[in-house]
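*Asks:* Attaching a predicted model along with its sequence, questions to come.
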Amino acid sequence: MRLSDAEKAMLDGDAGPAKARAMDLLLRYGEALGADRLIEVSHVAGTWSSTTPFVQADLPEADDFDTIFSRFNLDSDITVETPRAVVPTCQLIHGIDTRNHAAQGFSDAQAALQRKSEHFFGSRGVQWCSTCTPYQVGHVPLKGQHVAWMESSAVVYANAVIGARTNVEGRESTGAASITGRIPYFGLHVPENRVATHRVDVEIPVRTMRDWGLLGYAVGSMVQEEIPVLCGIDALPRPEWLKHFGAAAASSGGVEMYHIPGVTPEAASADEALGGTAPRHVHRYGAAERRRAWDRLNGANTRDDVNFVMLGCPHNSSDQMWRIAELLEGRRVHGSVALWVHTPRQIRHLCDESGVTGTIERAGALVMSDSCPAINRMTPQGTQVIATDSCKQAHYLPAITGYQTWFGSLEDCIDAAITGRFRGSPE
Ligand code: F3S
């Protein structure tokens, strides 16, 4: 790989041992990918948390944060001092909500360790956003900027909705990127790799979050890891709907980029999205395809006696939190149901100040941050049947937990939380 003088100096250790190791990691990574150079990044979103069960199981000295950073963020057996991040860097979702850790099944000691790690990495420049939706809480690049982000739903949002450029990175590459400001130039950093390959003709109205989730789930199945351009969208979606669309498409397939002419910023027409070439495949999305997506998510479920409802995958926006509070106002969650509502901690703070948390929690629910059941594998005690308004969570939870999981609208899920029965339908 060709390196600039500044990059060579970092590799040679002129900027300290950690950056030398980070450059070595990025070179090995870039060469394996066939990249011929590095590119400067404006933002990094990765993970520095040390208290997930995975890390604890592997490392007895779980509060030796320099060793954790060296091993897990730099792939280095030698411990080096953790330097400050050189570009805006944020922590994505991790495992523990330190306010609700007991309900999640974590000990006080684990929560205290989590807080200690937050202070340590915070002092090294890592902003503790603690969410899979950093773009909802101020970590927002501009169109055309190169970034290094982890987390599939965040990556597809960054590429398609914001127009920033990133591949799905890992813990090591984001760790190295945060202290060098570099990432290998390949994949979706390269303009030619961002054009659509598949066209999807949407033939039915798509008007709600449930509609957009089902559309994303169907499109991911159709195109897998390719780039679709959606034609026929006749009404502007809300940001939350695109958030759900991308998360679903990245779950049933591996979609990291898409175009919707008139909605997403990189192409004003299908022809421009396709780079002036014919699509390799044309798919249609009508009532039958929508129904198929619903059946794929819900068709194997045999029990409707829900005892856990999860809302907020990807993490809820402030608008979504207000809506949930509205639906729960003056109502009571069923005695045999746990309702967990997930949102970034910054939005939870806003909800605390505005009385939204109080409304939701008076109904008997918990407002959770920093985590989700698919990541920490923690569900309320006694969980057997789950309901969620997220295709992504409904896709992963049965495999991760072994529990039947219903996908439905937000209203269906609130109804399940109040009645203890899932009564949703695709219409
Ligand atoms: Fe976020 Fe967890 Fe869903 S990481 S996108 S809430 S599976």
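*Replies:* Received it, and whenever you're ready, just let me know what you need.

*Asks:* Which residues of the stretch 301-427 of the chain lie near the ligand?
*Replies:* Taking CB under 6 Å from any ligand atom as the criterion, the stretch 301-427 of the chain approaches the ligand at residues 313, 314, 315, 342, 372, 374, 375, 392, 393. All C-beta atoms are positioned from the backbone trio N, CA, C, and that covers glycine.

*Asks:* how about 5 Å then?
*Replies:* In this structure, the stretch 301-427 of the chain approaches the ligand at residues 313, 314, 372, 374, 375, judged by CB under 5 Å from any ligand atom.

*Asks:* out of those, which is most surrounded?
*Replies:* The member of these surrounded by the most neighbours (other CB atoms under 10 Å) is residue 313, with 29 neighbours in all.

*Asks:* Could you say which helix or strand holds that one?
*Replies:* Per DSSP states H and E: residue 313 is located in neither a helix nor a strand.

*Asks:* mind checking how far it is from residue 407?
*Replies:* Using CB to CB, to the nearest Å, one obtains 11 Å as the distance from residue 313 to residue 407.

*Asks:* Overlap in contacts, the two.
*Replies:* When contacts are counted by CB atoms under 8 Å, 6 or more residues apart in numbering, residue 313 and residue 407 are jointly contacted by 388, 390.

*Asks:* what's the span of stretch 275-290, first residue to last?
*Replies:* Start and end residues of stretch 275-290 are separated by 28 Å (CA to CA, to the nearest Å).

*Asks:* actually stretch 99-114, sorry about that
*Replies:* 11 Å.

*Asks:* what sits up against it?
*Replies:* Contacts made with stretch 99-114 from outside it, assessed by CB under 8 Å, 6+ apart, are listed as 49-51, 56, 62-63, 94-98, 338, 340, 366, 368-369, 371, 376, 378, 380-381.

*Asks:* Buried ones among those?
*Replies:* Buried residues within the contacts of stretch 99-114, counting neighbours by 16 or more other CB atoms under 10 Å: 49-51, 62, 94-98, 338, 340, 366, 368-369, 371, 376, 378, 380.

*Asks:* continuing past the lowest-mean-pLDDT helix or strand in the chain, what's the next helix or strand?
*Replies:* Within the chain, confidence by mean pLDDT, DSSP states H and E is lowest for helix 53-58 among all helices and strands, at a mean of 63. Using DSSP H and E, the helix or strand that follows helix 53-58 in sequence is helix 65-68.

*Asks:* chain center to that next one: distance?
*Replies:* With CA atoms, centre = their mean, to the nearest Å as the basis, helix 65-68 stands 25 Å off its chain's centre.

*Asks:* same question for it, mean pLDDT?
*Replies:* When the per-residue pLDDT values of helix 65-68 are averaged, the result is 90.

*Asks:* switch to numbering from 21
*Replies:* Right, with 21 as the first residue, what we last looked at is helix 85-88.

*Asks:* For the stretch 21-170 of the chain, what lies in contact range of the ligand?
*Replies:* Proximity of the stretch 21-170 of the chain to the ligand is assessed by CB under 5 Å from any ligand atom, with 113, 152 identified as the residues in range.

*Asks:* Now do the closest residue to residue 274 other than its chain neighbours, the pLDDT please.
*Replies:* The shortest distance from residue 274 to any non-neighbouring residue, by CB to CB, 6 or more residues apart in numbering, is to residue 245 (4.0 Å). Confidence at residue 245, expressed as pLDDT, is 98.
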